[in-house]
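1. sequence below, structure please.
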Amino acid sequence: MLPKRKKLKLLTNPSVIQEAVEHLDKLKIDPIKLERLLSQNIVVLKASPSRSFQEKFSKVVKDPDDVHVVAGASLSGANFLVTLDKKHILTPPVRKLLNPMQVVSPKEFWGQLKKYKI
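-> Just a heads-up that it's a prediction; the model follows:
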């Protein structure tokens, strides 16, 4: 369920930004466009979760490289975790752990935005 406000705010942390930067080519993201997006008020940078906090998620998240994403999402208070990593993050155990946050693909997320005209 989307919040009643129709203002979109993107939350991220330095670990996620670093991962995106390392995969710009694979994600087909123009570095200049990423820099512009990050400089806008729509993106809120949160602190990366501590290692000890991340350990709480290591048994649920299959890939150790993705633990920081799920741990960060749990701290964010966001309504959605949007990820392309279906194999390791879009799993029933992760969805259950983060409930009521919805874990969705970008396609599902944009479908929600269109549905609610945000």
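
2. and Leu11, that's in a helix?
-> No: under the criterion used here (DSSP: H, G, I helix; E, B strand; the rest coil), Leu11 is strand, not part of a helix.

3. who does it bridge with?
-> With DSSP bridges as the criterion, Leu11 is bridged to Val44.

4. okay, and for the chain, where does confidence drop off?
-> For the chain, residues meeting the criterion pLDDT under 70 lie at 1-6, 41, 116-118.

5. what are the ranges of the strands in it?
-> In the chain, the strands defined using DSSP state E lie at 10-12, 43-45, 80-82, 102-104.

6. the last one pairs with which strands?
-> Which is strand 102-104. According to DSSP bridges, strand 102-104 has the following sheet partners: strand 80-82 (parallel).

7. who touches the partner strand?
-> For strand 80-82, the surrounding residues in contact (CB atoms under 8 Å, 6 or more residues apart in numbering) are 69-70, 73, 89, 98, 101-106, 109, 112. Where you see a C-beta, it was placed from the backbone N, CA and C, and this is true even at glycine.

8. quick one: which of these is nearest to Lys56?
-> For these, the minimum distance to Lys56 (CB to CB) is 9.6 Å, reached by Val70.

9. separation between the closest one and Gln40?
-> Counting by CB to CB, to the nearest Å, the separation of Val70 from Gln40 is 26 Å.

10. so for these two, which sits in the more crowded spot?
-> Val70 (25 against 8; other CB atoms under 10 Å).

11. what's near enough to touch the more buried one?
-> Residues in contact with Val70, defined by CB under 8 Å, 6+ apart, are Phe57, Val60, Val61, Leu81, Ile89, Val94, Leu97, Leu98.

12. so what's the residue nearest in space to the middle of the chain closest to, chain neighbours aside?
-> When CA atoms, centre = their mean is applied to the chain, the residue found nearest the centroid is Leu81 (4.2 Å). Closest residue in space to Leu81, ignoring its immediate chain neighbours: Ala73 at 4.2 Å, by CB to CB, 6 or more residues apart in numbering.
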